[in-house]
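Asks: model the following, please.
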Amino acid sequence: MSVKIGDVLPNAVLTYIPYNAQNPDACGLPQQLKTHEAFKGKKVVLFAVPGAFTPTCSEEHMPGYVEQVGELKSKGADIVACVASNDQFVMHAWGNSYKVKDDILMLSDANSELGSALGLVNDGTARRMGPIRLARFAMIIDDLKVIYIGVETAPGVTVSGASAVLAKL
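Replies: Here you go, the predicted structure:
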């Protein structure tokens, strides 16, 4: 069963590499992010991609958020975060390739803890991407409650893109 508006975001443990302003290219030590601790009392824009460095994710999905992160935050988002099935090191490198610094949290759900709890995973085996990949989606979470969810049902970026989310903030 997939998450719906009004649901409480599942409590999951994600990982990330914190941005280091003194040495932005350094690959730091992984940190855990517990969704209920990090997102409690906050308005969060969370968008998911099937894979870092993949064509649609890199050419359509991520660039919109990079371009509009300031607008998302000015309209009330405390946190803008990207999550994928890739490990935290790949997510860190992908974020660095866009120079997101700490404007966008680059989160790893490599064990599919969050994706499975949300019911938003796909089988990537046919595309040689592994058995479990996050679906392409975006959500707005307000104090752990899902107030918007846009899940892509066809290739491309529409309801999960930054412009669609911005219109819902």
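Asks: CA only for contacts and neighbour counts going forward, please
Replies: OK.
Asks: relative to its centre, which residue of the chain is most distant?
Replies: Farthest-out residue of the chain from its mean C-alpha position, per CA atoms, centre = their mean: Q22, at 24.8 Å.
Asks: and the pLDDT at that one?
Replies: For Q22, the pLDDT comes out at 88.
Asks: a strand runs through it, doesn't it?
Replies: No - going by DSSP: H, G, I helix; E, B strand; the rest coil, the assignment for Q22 is coil, not a strand.
Asks: for it, what are phi and psi?
Replies: Q22 adopts backbone torsions of phi -70, psi -30, taken as degrees, to the nearest 10.
Asks: mean confidence score for the longest helix anywhere in the chain?
Replies: Counting residues, the longest helix in the chain under DSSP state H turns out to be helix 62-74. For helix 62-74, mean pLDDT rounds to 96.
Asks: now do the buried residues in it.
Replies: Within helix 62-74, the residues that count as buried by 16 or more other CA atoms under 10 Å are 62, 65-66, 69, 72-73.
Asks: same check on stretch 22-36?
Replies: 32-33, 35-36.
Asks: how long is it end to end?
Replies: Length of stretch 22-36, first residue to last, CA to CA, to the nearest Å: 29 Å.
Asks: could you dump the buried residues of helix 62-74 to a markdown table with distance to C82?
Replies: Converted to a markdown table, the buried residues of helix 62-74 look like this (distance: CA to CA, whole Å):
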| residue | distance to C82 |
| --- | --- |
| M62 | 8 |
| Y65 | 9 |
| V66 | 11 |
| V69 | 11 |
| L72 | 13 |
| K73 | 14 |
